[in-house]
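Asker: Take this sequence and fold it.
(one chain, ligands or ions: 1)
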Amino acid sequence: MLLRVVIIGAGGHAKVIIEAVRAQGGEVVGLVAQANDSAPVLGAPILGGDEVLPALRAQSLDAAIIAIGNNALRERLGRKAQSLGFALPHVVHPTAFLSPSARLGAGVVVMARAVVGTDTSVADLAIINTAAAVDHDNSIGLAAHIAPGCALAGTVRVGARALVGVGSALRPGIRVGADAIIGAGSTVVADVPDAAMVGGAPARPLRRRDSL
Ligand code: JB2
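Answerer: Residues are numbered from 1 along each chain as shown. Okay, the predicted model is just below:
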């Protein structure tokens, strides 16, 4: 149950999360962002940069949500918030469907009309975005992002920090490596190596990423 939370990030992803938190009956105390963000977002004030987090924690604010789309940055800021003593609650929009046997790690967000299916596990800080369907026995890795409208069949494995682009379809049993990127609208019918970038229908390698 969400009560009072601080949101880290103040961009597009934060906006969607603010509405989801409020839809769950939670209160957004404010946002922590980079210096160039100063205007309130959906009425939630900017409280400052990351340097204000220790003071917020000292004021008995004990829950933070990392609302940043970049997977590596979300992972880093999530670990930082935890090291300061913040809990990372789930955000699950009331219109999402969560199987009773699904398991969610810390800081997972499940957006409106998304589905997390039977016996699927979603690791810390992963995003199951709007209307994405993740079917049974999937394993979604740490800080991975399943973008809006994706369809993952049964027994899919998605590695840490991987991005499955908007509207992609993954056939049963596919393995997606850590830090891989699947381009928008892809149809993935073969495993994707770590840090690979693939796209198209059927998805083919686009280029190797040099470093992550
Ligand atoms: O180090 C940081 C930091 N770096 C960037 N600390 C804190 N506290 N905040 C940081 N930010 C914040 O991330 C910026 O101040 C800004 O508010 C936010 C990035 O906003 P942007 O709108 O560029 O991206 P986003 O992460 O909110 O949303 C992206 O990912 C979503 C999943 C977009 O692509 C969305 O369209 C997408 N739905």
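Asker: so who does the residue nearest the centre of the chain touch?
Answerer: Centroid-nearest residue in the chain: Ile127, 2.1 Å away (criterion: Cα atoms, centre = their mean). By Cβ atoms under 8 Å, 6 or more residues apart in numbering, the contact list for Ile127 reads 13, 69, 74, 108-109, 111, 144-146. C-beta here means a position set from N, CA and C on the backbone, and glycine is covered the same way.
Asker: separation between Gly159 and Pro193?
Answerer: To Pro193, Gly159 is 10 Å away according to Cβ to Cβ, to the nearest Å.
Asker: can you tell me which of the contacts of Ile127 lies nearest to the ligand?
Answerer: Lowest distance from the ligand to the contacts of Ile127 (Cβ to the nearest ligand atom) belongs to Gly69, with 1.9 Å.
Asker: Give me the secondary structure label for the closest one.
Answerer: coil (DSSP: H, G, I helix; E, B strand; the rest coil).
Asker: quick one on the thing from earlier: give me the subset of the contacts of Ile127 that lies in strands.
Answerer: Counting by DSSP state E, the part of the contacts of Ile127 found in strands is 109, 145-146.
Asker: Of those residues - the most surrounded one?
Answerer: Per-residue neighbour counts (other Cβ atoms under 10 Å) across the ones in strands among the contacts of Ile127 peak at Ile146, which has 33 neighbours.
Asker: Quick one, grab the pLDDT at that one.
Answerer: Ile146 is assigned 99 on the pLDDT scale.
Asker: For it, name its beta-bridge partners.
Answerer: Bridge pairing for Ile146 (DSSP bridges) gives the partners Ile128, Val164.
Asker: What residues does it make contact with?
Answerer: Contacts of Ile146 by Cβ under 8 Å, 6+ apart are 126-129, 132, 134, 140, 152, 158, 164.
Asker: From the contact counts, what lies against the helix or strand bottoming out on mean pLDDT in the chain?
Answerer: One helix or strand of the chain scores below all others by mean pLDDT, DSSP states H and E: strand 204-208, with a mean of 84. The contact analysis (3 or more Cβ pairs under 8 Å, 6 or more residues apart in numbering; DSSP states H and E) places strand 204-208 against strand 196-199.
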